[in-house]
Structure formats: C-alpha cells, structure tokens
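Undergrad: Below is the sequence, then the predicted model.
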Amino acid sequence: MHADGGIARVVLLAGPSGSGKSYVARRCGVPVLPLDDFYLNGDDPRLPRVGDGPATGPNPAPVDWESPASWDATAAVAAIELLARTGSVEVPHYDISVDRCTGYERLELRGARVFVAEGIFAAEIAAACRDRGVLAGAYALRRPRGVTFCRRLARDLREHRKPPAVLLRRGVRLYHDESRVLTRQAALGCRPASAATVRRTIIAAAGTSTARQTALS
C-alpha cells in the first residue's frame with residue numbers, strides 16, 4: 001500500500017497468442033506481471049483434454065492448452081490483488097518446454113501506481129479484478145493475422161517451446177481461430193486496440209513516460 005493509503009491498479013492486456021503482449025507491456029514504463037506463468041503443471045488432473053478425451057490410459061488425449069481451464073485464474077487474481085494492495089508478490093516462473101512451474105520470483109512495484117498483467121487469458125479475470133476494485137483498464141491487442149502468425153512462430157521456434165512441426169500446426173490452427181479469440185476477449189471486457197493505442201493509454205494511466213525499474217529477485 002502507498003504511503004497515502006491508496007492502492008495500485010492493474011491494466012489487463014489480452015490478445016491472441018503471438019500478438020506482442022509481452023513486447024508492448026515491457027515498453028510502457030510500468031511493472032509487468034506475466035500471466036502465462038500461471039498455467040497448471042502438465043501432470044495436473046484438472047487439465048482439459050482436446051475433444052474431452054481421456055487423461056489416462058494407453059492413448060491419452062493431448063492437453064488443450066488453448067483452453068482457459070488449463071490456467072489457474074484463481075491464483076492469478078490473488079497475485080494481482082496482493083500486488084495492488086501491498087506492492088509486492090511472489091510469482092511463479094513457468095517453463096513451457098517442460099510444462100511446469102520451475103521456481104518463483106518476487107515482483108515489486110516500488111511505488112508504481114499502475115502495473116500491467118498480460119497474457120492470453122487476461123480477459124478471463126477482468127470481471128474479478130473489477131469486483132475487487134483493482135482494475136484500471138482492460139485491452140485486447142489487435143494486429144493483422146499474418147503479422148501475429150509470423151511473430152508467434154518466430155518466437156516459439158526461437159524459444160524451443162515445442163518441436164517445429166507441432167509449432168507450425170498450432171500456428172495454423174491459431175491463425176484461423178484468431179477472430180473468435182478477439183471476439184471472446186471483447187465480450188469479457190477487453191477493448192480491442194492497436195499496440196500504439198495500448199501503450200499510450202497505459203503510459204497516460206501511469207502518469208509518466210519514463211520507464212520505472214521493476215525489481216525481480
């Protein structure tokens with residue numbers, strides 16, 4: 001909590017996978033909470049399966065990582081509220097290549113009044129953040145589908161997230177699904193906007209165009 005008794009507020013940044021949410025958030029001069037670190041571990045029995053197939057047996061169905069049910073919304077909201085009210089929170093670090101949390105880091109606001117929480121499922125918690133009085137705004141990053149496809153594939157290959165053939169098939173599927181994703185995020189309360197608009201809005205909400213340092217230790 002700030003010295004005057006106020007709390008910080010969060011700007012949620014959603015958007016299709018590969019649209020540049022992390023890139024834009026890091027250039028707004030405010031602390032950033034990566035929501036993709038709140039995925040469930042790969043052996044969690046709560047994970048949804050493609051086509052509602054079996055999770056066990058000789059031919060288990062693949063995990064549906066595009067489903068919000070693969071993500072711990074409750075933990076994400078709790079972390080956002082704690083960070084907003086106390087200025088500090090311990091957050092998980094999730095390694096997509098092994099499908100699990102591999103450690104924790106402390107995120108400090110250091111007096112910042114606004115921070116960004118970004119991730120593909122950010123829209124899922126817009127209502128919860130609003131109900132808790134910590135929401136400053138919610139946006140869905142919108143780019144041309146071809147740009148998003150290329151950005152996503154280049155990132156995933158660079159980070160060795162999965163085998164190349166898997167990444168390419170996933171990229172094609174997400175390309176065709178992008179309009180539906182944006183429509184859902186808008187319905188959940190995230191306003192579709194360009195990268196430039198999102199950045200200007202967040203900087204204005206923070207009241208500064210000077211980058212603040214976020215402490216991770």
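TA: Looks like it came in fine.
Undergrad: any idea how far the residue of the chain most remote from its centre is from R113?
TA: The centre of the chain is farthest from one residue, P58, which by CA atoms, centre = their mean lies 33.4 Å away. Going from P58 to R113 by CB to CB, to the nearest Å gives 54 Å. Bear in mind the C-beta positions are built from the backbone N, C-alpha and C, glycine included.
Undergrad: which other helices and strands contact the longest helix belonging to the chain?
TA: Longest helix of the chain, by residue count under DSSP state H: helix 164-187. Packing partners of helix 164-187 (3 or more CB pairs under 8 Å, 6 or more residues apart in numbering; DSSP states H and E): strand 135-141, helix 145-158, strand 191-193.
Undergrad: Could I have the CA atoms of that helix written out in CSV?
TA: The C-alpha atoms that make up helix 164-187 are tabulated as CSV, following Å, rounded to 0.1, in the frame of the first residue of the first chain:
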residue,chain,number,x,y,z
PRO,A,164,8.9,-27.4,-35.0
ALA,A,165,6.1,-29.5,-36.6
VAL,A,166,4.0,-29.1,-33.5
LEU,A,167,4.5,-25.3,-33.5
LEU,A,168,3.6,-25.0,-37.2
ARG,A,169,0.4,-27.0,-36.9
ARG,A,170,-0.5,-25.0,-33.8
GLY,A,171,0.2,-21.7,-35.6
VAL,A,172,-2.0,-22.5,-38.5
ARG,A,173,-4.9,-23.5,-36.1
LEU,A,174,-4.5,-20.3,-34.1
TYR,A,175,-4.4,-18.2,-37.3
HIS,A,176,-7.8,-19.5,-38.3
ASP,A,177,-9.1,-19.1,-34.7
GLU,A,178,-7.9,-15.5,-34.1
SER,A,179,-11.1,-13.7,-34.8
ARG,A,180,-13.0,-15.9,-32.4
VAL,A,181,-10.4,-15.3,-29.7
LEU,A,182,-10.7,-11.5,-30.0
THR,A,183,-14.5,-11.6,-30.1
ARG,A,184,-14.5,-13.6,-26.8
GLN,A,185,-12.0,-11.3,-25.2
ALA,A,186,-14.0,-8.3,-26.1
ALA,A,187,-17.2,-9.9,-24.7
